[in-house]
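> With the sequence up front, the predicted model follows.
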Amino acid sequence: MNLKGNFEPASLASILQLLSNEERTGTLHLTNGENEVKIFVLNGGVISAAGSQKQTRIGDLLRKNGMISANDLTYCLTASQQKKQALGSVLVQRGFITEEMLKETIHKQAEEVIFDLFSWKTGYFEYHDSNLVPQGALDTKIDIMNIIMEAMYRIDEMCYFVQQIPTEDLVFRIRPEVMKAEEKGFKPHERRFISMINGAKTVRQLITSSGFDDFSAYHLLHTLLTLEAIEKAHAETVPDSQDEGDYSGMIIYYSEVLQVIYNNIQRELSEWVDAMFREAGMGKEEKDNIRHLLDTAPARWTYNIVENCKPQMMRQKLSIFAEYHPQKTLAENVDALNQILKPIKNREKGGVFLRKSFNQFITNLLNTVVATFGLRTTRRMLLEINNILVHGNDNPPHFPEKLNAIKEMLDLLIRMAQESQNQGDPKKNSFGIFALFNQKLPG
C-alpha cells in the first residue's frame, strides 16, 4: 500500500490509526519543510521513529534527563564520528550508560518524535509498505493507539498551559520562596531548568538552552507557577549593539554563571537548615517558633557569602561590584557596572578588565564552595556552568570578547575541577562543616 498527501494534527491521528488497524508494515515519512520524521511500523506497531529536531535526538535526551553531561556527549559524539559507530553503542561501550538505559531512551525518543508531530500545524506525508527493518529498532512495539491518546491529552494540556503562558516571549523570575520544600521533589534535570530562570531569558530561550521539548518545559513552568515558585517579570531590555563604553552583553553572560553559583549555594544552605531540623529532635511547637527566622537565614547567608567573595581593587580597596549582586535585577546590575566602567575610554581595555574581574569573582565563589560544601556540590555546579558555556555560541547575548570569555571560563572550570579533586579526600563526597550532614542531603 502507498499513501501520500498533506496532513494536519487531526488527520495525522487518522493516518496512524489506519496503519494500526490494518496491521501494516512499512515506512511513514513526514515533513513540514523544516523538520523531517521517519516512522517504521511492524504489523501495526511502531518499532522505530527518528526526527531531525535536536531535542528528540538520543544524545540530547540523555543529557536532558541527567544521564550524561554535556562534556560526555561531546566526547562520545567525536568518538562516534571517528569510529563510524552509533552514538548509543559508543556510550554503552565506554560505560557512560547501560544497555537498559539506552533501550529506555530509544523507546522514549520514538514516543517524543511522534508526540512532536501533533504540534505541527500542517505537513506532507508519504507511506510505503516495506520489510526493511531499520537499524536500532525497538525490541517491543509501541502501541499506536496509546500514542494517539497521549498526544490528544498533551494537546488539551497545552491549551491550558497557554492560558497561563500566552506567549513564548514571556520572562519569569525566581520568587524568594523557591527554596520551600516543594522544590526538593524535582529531578536533577528539572532543577537545572529552574536554575536557568534568571529574570532575563524568555520562555523560548529557556527551552532552547535547556534541551527540553515544548510540552515538558511548559508543564514544568505551569507547575512552578502553581507552586508560586516563579512569577512573571517584565523583559529587561539591554542594547544589542556594543557601543563604546557599553558592556551589557558581557555582563549578562557572566551574570548567568553567577546566578547558577548563587542558586546552588542557597539551595545547599536551605538543605542544611532542613537537615539541622531533622537532627535536632525539637518538638513541633519549638520548630514553629523559629521557623520564620530560619526561612530567611539561607538567603541572608548566601548574600553575605557573595559579598565577601567580591574582588577588591588593589589601590582603592574598592570593588567594581559594590552595587552588583545576583539578588538584584539584571537591568540594575547591567546599569551599575556600565556606570562604573564609563570612565574607561578604551572599550578593549575595559572589556579585559571586566573579564578579569568577573573571573576573579567566580573563582573566589567556587573556592568558597569547595571549602564549605565539598566535592559533590562543586561538581554539580561545574556541570551546570559548563552547560551555559556549551550553549554559549548559539544563544544571546553576543559581544566582541565572547570567544575569549568562553575559553577563559572553560580553563577556569578545568582548573577548579582539578583543584577540588586534589583538595578533597577521594573516599568522601564532602568536607567542611557540611560533612556531618552529607548522608542526609539528597544527591
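Looks like it came in fine.

> show me where the stretch 301-443 of the chain has strands.
For the stretch 301-443 of the chain, no strands are identified by DSSP state E, counting those that start in this stretch.

> so where's it shaky on pLDDT?
313-318, 390-398, 420-443 (pLDDT under 70).

> What segments of it are helices?
330-341, 347-373, 375-390, 402-423 (DSSP state H, counting those that start in this stretch).

> nearest to residue 67, of the ones you listed?
Closest approach to residue 67 among those is made by helix 375-390 (12.5 Å; CB to CB). Backbone N, C-alpha and C define where each C-beta goes, glycine included.

> how close does residue 297 sit to residue 107?
Noted for residue 297: a distance of 45 Å to residue 107, by CB to CB, to the nearest Å.

> Which positions within the longest helix that the chain contains qualify as buried?
The single longest helix within the chain, with elements called by DSSP state H, is helix 248-280. Buried residues in helix 248-280, defined by neighbour count with 16 or more other CB atoms under 10 Å: 248-275.

> ok so, going back, is it possible to export the helices of the stretch 301-443 of the chain to CSV including distance to residue 21?
As requested, the helices of the stretch 301-443 of the chain are exported to CSV (distance: least, CB to CB, whole Å):
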stretch, distance to residue 21
helix 330-341, 54
helix 347-373, 57
helix 375-390, 44
helix 402-423, 53
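
> looking at the ones you listed, which is buried most?
helix 375-390 (a mean of 21; mean count of other CB atoms under 10 Å).

> and that one, what does it pack onto?
helix 70-83, helix 188-195, helix 248-280, helix 347-373, helix 402-423 (3 or more CB pairs under 8 Å, 6 or more residues apart in numbering; DSSP states H and E).

> Can you report the mean pLDDT over the residues of the second one?
Across helix 188-195, pLDDT averages out at 75.

> got it, and the first one?
In this model, helix 70-83 has an average pLDDT of 78.

> Now do it against helix 375-390, angle only.
60 degrees (axes from the mean of the first three to the mean of the last three CA atoms, to 10 degrees).

> Work out the gap between helix 70-83 and the centre of the chain.
Chain-centre distance of helix 70-83: 20 Å, with CA atoms, centre = their mean, to the nearest Å.

> I'd like to know which elements that helix is packed against.
Judged by 3+ CB pairs under 8 Å, 6+ apart, the packing partners of helix 70-83 are helix 58-64, helix 87-93, helix 375-390.

> Okay, buried residues for it please.
70, 72, 73, 75, 76, 80.

> what about stretch 75-92, start to end distance?
13 Å (CA to CA, to the nearest Å).

> starting at the chain centroid, how far to that stretch?
Worked out by CA atoms, centre = their mean, stretch 75-92 lies 23 Å from the chain centre.

> Stretch 404-419 too?
20 Å.

> quick thing: my sequence starts at 43, can you match it?
I'll keep to 43 as the first residue from here, and by that count the last item is stretch 446-461.

> Which residues outside it are in contact with it?
292, 295-296, 299, 397, 401, 404-405, 408-409, 412, 420-421, 424, 427-428, 431, 434-435, 441 (CB atoms under 8 Å, 6 or more residues apart in numbering).

> rerun at 6 Å
The contact list for stretch 446-461 (CB atoms under 6 Å, 6 or more residues apart in numbering) reads 397, 401, 408, 424, 428, 431, 434.

> Looking at those, which two lie furthest apart in space?
Longest span within the contacts of stretch 446-461, CB to CB: 397 and 424, 19.1 Å.

> quick one, which of the helices and strands packed on helix 112-125 is nearest to residue 181?
That would be helix 129-135 among those, by CB to CB, at 13.5 Å.

> Tell me how far that closest one lies from the chain's centre.
23 Å.

> how far does the following helix or strand past that helix sit from the chain's center?
With elements assigned by DSSP states H and E, the helix or strand that comes after helix 129-135 is helix 141-159. Relative to its parent chain, helix 141-159 has a centroid offset of 19 Å by CA atoms, centre = their mean.

> same question, stretch 165-180
Using CA atoms, centre = their mean, the offset of stretch 165-180 from its chain centre is 33 Å.

> just stretch 376-396 next, same as before
30 Å.

> what about that stretch, how long is it end to end?
For stretch 376-396, the end-to-end distance is 12 Å (CA to CA).

> The longest helix of the chain - contacts with which helices or strands?
Here helix 290-322 is seen to pack against helix 326-350, helix 372-383, helix 389-415, helix 417-432 when contacts are counted using 3 or more CB pairs under 6 Å, 6 or more residues apart in numbering; DSSP states H and E.

> for the third one, packing partners?
If contacts are counted by 3+ CB pairs under 6 Å, 6+ apart, helix 389-415 sits against helix 290-322, helix 444-465.

> Nearest to residue 137, out of the helices of the stretch 343-485 of the chain?
helix 417-432 (17.6 Å).

> by how many degrees do that closest one and helix 230-237 diverge?
Using the same axes, to 10 degrees: helix 417-432 against helix 230-237 is 60 degrees.

> Just the angle for helix 417-432 relative to helix 389-415, thanks.
Using the same axes, to 10 degrees: helix 417-432 against helix 389-415 is 150 degrees.

> hey, C-alpha coordinates of helix 417-432 in PDB?
Taking Å, rounded to 0.1, in the frame of the first residue of the first chain, the C-alpha atoms of helix 417-432 are listed here in PDB:
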ATOM      1  CA  LEU A 417      33.200  17.900  46.000                       C
ATOM      2  CA  ARG A 418      29.700  16.800  45.300                       C
ATOM      3  CA  THR A 419      28.200  20.300  45.200                       C
ATOM      4  CA  THR A 420      31.200  21.600  43.400                       C
ATOM      5  CA  ARG A 421      31.000  19.000  40.600                       C
ATOM      6  CA  ARG A 422      27.200  19.600  40.200                       C
ATOM      7  CA  MET A 423      27.800  23.400  40.000                       C
ATOM      8  CA  LEU A 424      30.700  23.000  37.400                       C
ATOM      9  CA  LEU A 425      28.500  20.800  35.200                       C
ATOM     10  CA  GLU A 426      25.700  23.500  35.300                       C
ATOM     11  CA  ILE A 427      28.100  26.200  34.400                       C
ATOM     12  CA  ASN A 428      29.600  24.100  31.600                       C
ATOM     13  CA  ASN A 429      26.100  23.700  30.200                       C
ATOM     14  CA  ILE A 430      25.900  27.500  29.800                       C
ATOM     15  CA  LEU A 431      29.200  27.500  28.000                       C
ATOM     16  CA  VAL A 432      28.200  24.700  25.700                       C
END
